[in-house]
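J.: Sequence unavailable; structure follows:
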């Protein structure tokens with residue numbers, strides 16, 4: 001059974017940082033492209049960041065470039081999304097996902113999803 005479990009969300013102030021974790025079990029995670037998506041209240045789900053299974057290619061949504069950083073899978077089958085300079089517009093439920101494609105920035109490519117972790121940025 002494939003499981004993706006996110007953690008690390010919370011309530012922070014504008015300008016703060018958070019690191020989200022995504023632990024994968026049930027598949028050989030280093031063979032999957034990994035991504036982060038988010039859904040803000042009243043909005044469609046959007047792509048945030050993705051990394052290739054090799055870790056050699058990463059991509060970001062324009063509004064998070066330079067602020068967010070996605071890691072490759074580590075030895076514990078965990079990957080991270082480091083978020084800095086957080087803004088209220090970053091408030092959303094963040095989901096990690098695994099794709100049998102090597103790299104993909106489209107949610108349609110992703111086979112497995114976590115349950116999400118809430119990030120709230122507010123003063």
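T.: Nice, thanks for sending it over. Everything quoted here is computed from the prediction, not taken from an experiment.

J.: going forward, measure contacts and count neighbours with C-alpha atoms only.
T.: Noted.

J.: Using the centroid of the chain, identify the residue furthest from it.
T.: residue 123 (23.4 Å; C-alpha atoms, centre = their mean).

J.: ok, and for stretch 82-102, which residues are buried?
T.: 83-84, 86-87, 90-100, 102 (16 or more other C-alpha atoms under 10 Å).

J.: Quick check: the residue farthest from the centre of the chain touching residue 13?
T.: Yes. Between residue 123 and residue 13 there is a contact at 5.1 Å, judged by C-alpha atoms under 8 Å.

J.: list residues touching both of these two?
T.: Overlap of the contact sets of residue 123 and residue 13 (by C-alpha atoms under 8 Å, 6 or more residues apart in numbering) is empty.

J.: wait, residue 27 sits on residue 2?
T.: Yes. Using C-alpha under 8 Å, residue 27 is in contact with residue 2, at 6.2 Å.

J.: which residues does the residue sitting nearest the centre point of the chain bridge with?
T.: Closest residue to the average C-alpha location of the chain: residue 36 at 2.5 Å, with C-alpha atoms, centre = their mean. The partner list for residue 36 in beta bridges (DSSP bridges) reads residue 49, residue 96.

J.: contacting residues around it?
T.: 47-50, 81, 94-97.

J.: do the same with residue 83
T.: Contacts of residue 83 (C-alpha under 8 Å, 6+ apart): 17-20, 67-69.
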